[in-house]
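Peer 1: Okay, here's the prediction I keep looking at, along with the sequence it came from:
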Amino acid sequence: MTEAAFRELYRRLRDPPPEAGGHPRGALHRLTSERVVAAAAEVRCGLSVSLAAPVETRAGPDSPQPASHRMTAPTTRESVEHGLAFARDRFAMNVHGDTDSHLDALCHVMFDGELYGGVPAGTVTPDGAGALTLDLVSDGIVGRGVLLDVPRLRGVPWLEPGDQVTAEDLAAAETAQRTTVGPGDLLFVRLGHRLRRRTLGAWDVTRARAGLHPTAMTFPAERQVSVLGSDGNSDTAPSAVTGVPFPVHVLAVNAMGLHLLDYLDFEALAAACERQGRWHFLCVVAPLRLPAATGSPVNPIAVL
């Protein structure tokens, strides 16, 4: 895709700024209380399934800076044989890495000097973000989740790195799974990334990664979804657009105001949906409350 064609798509999908009728919370405004109540009523068997992968603490081709976890107590000098003692630990991570499940806030993507809704990119400083932060989701995201399984549609276990999902693929998966994606939904797209990684081992995803073609973003735009998630990071590698890295991030976060969920794990969920013959469910996303942050590790829970 040429940069000119991408920019035309960007202009077509871009929300207006708040002063021109846009929404300060982005696509989350579609998650009305009525839609949350309806999503809760979809629960049938009470099965809860995590959509997060275990946090990666070992370095690898896709995690050159893995999360660090160390015990701070008990120390070798402390006795735990008598009386009271506490085990304590410390954790740190690169939130926007290529292995760990995380949420992208609307302040994460800057394009042409602006954040979503025309907010100046200068509101993000070395001291933190001043607008569109995780505060927008401090009460969590709760709604109707829908999983579209593209490898299932194509009859393969996973998509190979570099493969691209189109809007037609998403519509065909929706039809094949006898489900529908509608306003306010949390749309999840399975690529099979996690299954491939577990089967064949980790690889450098900065060079080769399956994802959505930028034109596929017309599907969530037309369906008016509130959140987009993937078991990759939604973008292909190499980029599908000449001169624009991460075009899907630009369209989703910067243009459309969609919170992105990256590097989730859909294997257990896909199996549960297959067994029940239902590909929609109640979904609860609870990011950490990190002031002025651009993202958070997250453990979304699907309830079927």
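Peer 2: It's in.
Peer 1: In terms of pLDDT, where does the closest residue to residue 130 other than its chain neighbours sit?
Peer 2: With C-beta to C-beta, 6 or more residues apart in numbering as the criterion, residue 130 has its nearest non-adjacent residue at 4.0 Å, and that residue is residue 123. Backbone N, C-alpha and C define where each C-beta goes, glycine included. For residue 123, the pLDDT comes out at 96.
Peer 1: count of residues packed around residue 123?
Peer 2: By other C-beta atoms under 10 Å, the residues close to residue 123 number 16.
Peer 1: what's stretch 118-137 in contact with?
Peer 2: 17, 25-26, 28, 103, 105-107, 110, 113-117, 259, 285, 287-296 (C-beta atoms under 8 Å, 6 or more residues apart in numbering).
Peer 1: Buried ones among those?
Peer 2: Taking 16 or more other C-beta atoms under 10 Å as the criterion, what is buried in the contacts of stretch 118-137 is 25-26, 28, 103, 105-107, 110, 114-117, 259, 285, 287, 290, 292-296.
Peer 1: can you tell me which of the contacts of stretch 118-137 are in helices?
Peer 2: Among the contacts of stretch 118-137, no residue falls in helices (DSSP state H).
Peer 1: So, low pLDDT: which residues of this protein?
Peer 2: Counting by pLDDT under 70, the chain shows no low-confidence range.
Peer 1: So which residues of it form helices?
Peer 2: Using DSSP H, helices in the chain cover 3-13, 33-40, 150-154, 167-176, 193-200, 218-223, 247-249, 267-276.
Peer 1: Make sure residue 109 is actually in contact with residue 115.
Peer 2: Yes: under the criterion of C-beta atoms under 8 Å, residue 109 makes contact with residue 115 at 7.3 Å.
Peer 1: and for the two, which residues touch both?
Peer 2: residue 254.
Peer 1: Regarding this protein, what is its longest strand?
Peer 2: When the chain is parsed with DSSP state E, its longest strand is strand 141-149.
Peer 1: quick one: buried residues of that one?
Peer 2: For strand 141-149, by 16+ other C-beta under 10 Å, it's 141-149.
Peer 1: and what of stretch 261-270?
Peer 2: Applying 16+ other C-beta under 10 Å to stretch 261-270 flags 261-267, 269-270 as buried.
Peer 1: what two of those residues have the greatest distance between them?
Peer 2: 262 and 270 (17.7 Å; C-beta to C-beta).
Peer 1: between the buried residues of stretch 261-270, which is nearest residue 251?
Peer 2: Closest to residue 251, out of all of the buried residues of stretch 261-270 and judged by C-beta to C-beta, is residue 262, at 14.7 Å.
Peer 1: returning to what we had before: could you identify which of the helices of the chain is most buried?
Peer 2: helix 247-249 (a mean of 25; mean count of other C-beta atoms under 10 Å).
Peer 1: quick one: contacts for residue 78?
Peer 2: Here residue 78 is in contact with residue 85 (C-beta under 8 Å, 6+ apart).
Peer 1: Specify the stretch among the helices of the chain that is closest to residue 212.
Peer 2: helix 247-249 (5.1 Å).
Peer 1: now that closest one: how far from the chain's centre is it?
Peer 2: When distances are taken as C-alpha atoms, centre = their mean, to the nearest Å, helix 247-249 is centred 12 Å away from the chain's centroid.
Peer 1: Same question for stretch 63-75.
Peer 2: Per C-alpha atoms, centre = their mean, the centroid offset for stretch 63-75 relative to its chain is 25 Å.
Peer 1: Could I have the CA atoms of that stretch written out in CSV?
Peer 2: Provided in CSV are the C-alpha atoms of stretch 63-75 (Å, rounded to 0.1, in the frame of the first residue of the first chain):
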residue,chain,number,x,y,z
SER,A,63,11.9,-10.5,24.0
PRO,A,64,15.4,-8.9,24.1
GLN,A,65,14.3,-7.0,27.2
PRO,A,66,12.1,-9.4,29.1
ALA,A,67,10.2,-8.6,32.3
SER,A,68,12.2,-8.9,35.4
HIS,A,69,11.0,-10.7,38.5
ARG,A,70,13.1,-11.1,41.6
MET,A,71,12.5,-12.1,45.2
THR,A,72,13.3,-9.4,47.8
ALA,A,73,12.4,-11.5,50.8
PRO,A,74,13.2,-13.8,52.4
THR,A,75,16.9,-13.2,52.1
